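Asker: following is a predicted model, sequence given first.
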Amino acid sequence: MKKKILISSGGSGGHIFPACTFYDHLKEDFEVFLTLDERGSKFIDEKKYKFKIISAPRIELNFIKLPFIIINLIISIFKSFFFLKNNKINILIGTGGYMSIPICLAGKILNIKIYLFEPNMVIGRTNKFLLRFSEKIFCYSSEIINFPNKQRSKIVVIEHILRKEIYNYKDKFNQDVEKKIKLLVVGGSQGAEFFDEQLKNSIYELSKKYKLMVYHQLSSSDFSSLQIFYKEKNIENKLFNFEENIFEYIAEANLAITRAGASTLSELSYLNVPFIAIPYKFATDNHQLQNALYYKKNGCCWILNEKEINQTNLTQILFDIIEDKEDYLIKKKKLENFSYKNTWNNINQKLLESIK
């Protein structure tokens, strides 16, 4: 009989997509379940994954809300306890975020083996708290910021977790910017309104000089404002939202402007798309900036500080990138070198070796 693994996730797509990828990696060797919160359920294919919704309170230092937070946390721990016990779960994987706290605490009570996943270059506060209870933590680097030195032996460095579908796009080589600029704009799930409004004037300036196609991920399903803008400026475009499959747009693009969420940067780097990272300035512990710096140190991207952005400097950096072909091609080569070891089988083997 197969052992049973529960993967805890929830919240944004940045938590859900890696959790689903872990599920796909492990489902042949284990019986796998997912737990999500209400927000996370909108990102998941109900026909493909077995999951249960277990709500968890957001932990915050608010003395007025604190009694309610504690009560809801205790309720979530009880629900998690009985789910783990009734389903005879043997192994638990937490993918970060406050959603993992009650399920991992219940797992500790039941003496279940706990593994963690940290995709960012700064360890999340939940993972830092749960680290003491865990067997191992899967990371993309051994140099995670704010990581407790006493626990560093628990780090298992793996290649970047990617959804299985993306590997089908690896051989679809995107052209360089000389023939046509295919610009991908990815705002992510936080602070995306900034991208919807602040980038369009620079895109328009670019379109005056170059043949341009824009793939623009919007912060909502309301496309009307940008549809009108692109139509009036006669700019070829494809608008899409968070629920749609992004791989085909990444594979088509030859330049991207993006936030610095771990999943998005992993996908861009794997498909060799040079990118301008604009880290979300309110990200917890400034982890998006550290994610972007990790790629910049490897020669893979450009970084712009959101606080310093204006139409003039963003427009100028776009023109500089397009006109400096050598720098652009160096970035593409660095991205190719960065991800060449990333295969589904390599990651699968590493995960199974660590968990078994």
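Answerer: Alright, I've got the coordinates. Numbers count the residues shown, from 1 in each chain.
Asker: can you pull the pLDDT of Asp171?
Answerer: Looking at Asp171, its pLDDT is 66.
Asker: meant to ask about Lys154, not that
Answerer: At Lys154, the model reports a pLDDT of 97.
Asker: that one contacts Phe133, correct?
Answerer: No - using Cβ atoms under 8 Å, Lys154 is not in contact with Phe133; the gap is 10.7 Å. C-beta coordinates here come from the backbone N, C-alpha and C atoms, glycine included.
Asker: could you pull out the strands for the stretch 201-350 of the chain?
Answerer: 212-217, 236-240, 255-258, 275-277, 301-303 (DSSP state E, counting those that start in this stretch).
Asker: for those strands, which one sits closest to Asp327?
Answerer: Closest of the strands of the stretch 201-350 of the chain to Asp327 is strand 301-303, at 9.0 Å (criterion: Cβ to Cβ).
Asker: in the closest one, which residues are buried?
Answerer: Neighbour-count burial for strand 301-303 flags Cys301, Trp302 (criterion: 16 or more other Cβ atoms under 10 Å).
Asker: now swap in stretch 305-321 and tell me
Answerer: Glu306, Ile309, Leu314, Thr315, Ile317, Leu318, Ile321.
Asker: now do it, average pLDDT.
Answerer: Rounded mean pLDDT across stretch 305-321 is 86.
Asker: contacts for it next, please.
Answerer: For stretch 305-321, the surrounding residues in contact (Cβ atoms under 8 Å, 6 or more residues apart in numbering) are 177, 191, 194, 198-199, 201-202, 205-206, 209, 255, 274, 276, 278-281, 302, 304, 327-328.
Asker: domains of this structure?
Answerer: 4-159+342-355, 166-339 (automatic domain parsing).
Asker: next, the distance between the ends of the longest one.
Answerer: Put plainly, it is domain 166-339. One end of domain 166-339 to the other measures 13 Å (Cα to Cα, to the nearest Å).
Asker: neighbours around Lys231, how many?
Answerer: 10 (other Cβ atoms under 10 Å).
Asker: what pLDDT is listed against it?
Answerer: Confidence score, pLDDT, at Lys231: 94.
Asker: need the contact list for it.
Answerer: Taking Cβ under 8 Å, 6+ apart as the definition, Lys231 has no contacts.
Asker: mind checking how far it is from Lys208?
Answerer: 16 Å (Cβ to Cβ, to the nearest Å).
Asker: what sits against the spatially closest residue to Asn346 that is not a sequence neighbour?
Answerer: Of all residues not flanking Asn346 in the chain, Glu159 sits nearest, at 6.0 Å (Cβ to Cβ, 6 or more residues apart in numbering). For Glu159, the contacting residues are Tyr140, Ser339, Lys341, Asn342, Thr343, Asn346, Ile347, Lys350, by Cβ under 8 Å, 6+ apart.
Asker: which one of those is nearest to Asn149?
Answerer: Tyr140 (18.8 Å).
Asker: give me the number of residues near that closest one?
Answerer: Tyr140: 20 surrounding residues under other Cβ under 10 Å.
Asker: do I have it right that it meets Val157?
Answerer: Yes - the criterion here is Cβ under 8 Å, and Tyr140 meets it with Val157 at 6.9 Å.
Asker: pLDDT weak spots in the stretch 1-150 of the chain?
Answerer: Across the stretch 1-150 of the chain, the ranges flagged by pLDDT under 70 are 40, 57, 59-63.
Asker: which SS class is the residue nearest to Glu252 when sequence neighbours are not counted?
Answerer: The shortest distance from Glu252 to any non-neighbouring residue, by Cβ to Cβ, 6+ apart, is to Lys182 (5.6 Å). Here Lys182 is strand, with the state taken from DSSP: H, G, I helix; E, B strand; the rest coil.
Asker: so Lys182 versus Phe78, what's the distance?
Answerer: From Lys182 over to Phe78 (counting by Cβ to Cβ), the distance is 51 Å.
Asker: give me the more crowded residue out of those two.
Answerer: Ranked by neighbour count (other Cβ under 10 Å), Lys182 and Phe78 place Lys182 first, with 23 against 12.
Asker: okay but the more buried one is in contact with Met213, surely?
Answerer: Yes - assessed by Cβ under 8 Å, Lys182 is found in contact with Met213 at 4.8 Å.
Asker: got any residues that touch both of these two?
Answerer: Listed as contacting both Lys182 and Met213 by Cβ under 8 Å, 6+ apart are Glu252.
Asker: low-confidence stretches in the stretch 151-300 of the chain?
Answerer: Across the stretch 151-300 of the chain (using pLDDT under 70), the flagged ranges come out as 171-178, 189-192, 221-222, 242-244.
Asker: same thing but 80
Answerer: Along the stretch 151-300 of the chain, segments meeting pLDDT under 80 span 170-179, 188-198, 219-223, 242-245.
Asker: show me where it has helices.
Answerer: 192-198, 200-207, 224-232, 247-252, 262-270, 287-297 (DSSP state H, counting those that start in this stretch).
Asker: make a markdown table from the ones you listed and add distance to Lys50 to it.
Answerer: Output for the helices of the stretch 151-300 of the chain, formatted as a markdown table (distance: least, Cβ to Cβ, whole Å):
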| stretch | distance to Lys50 |
| --- | --- |
| helix 192-198 | 31 |
| helix 200-207 | 42 |
| helix 224-232 | 38 |
| helix 247-252 | 24 |
| helix 262-270 | 22 |
| helix 287-297 | 30 |
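Asker: which of these is buried the deepest?
Answerer: Greatest average neighbour count among the helices of the stretch 151-300 of the chain goes to helix 262-270 (a mean of 24), per mean count of other Cβ atoms under 10 Å.
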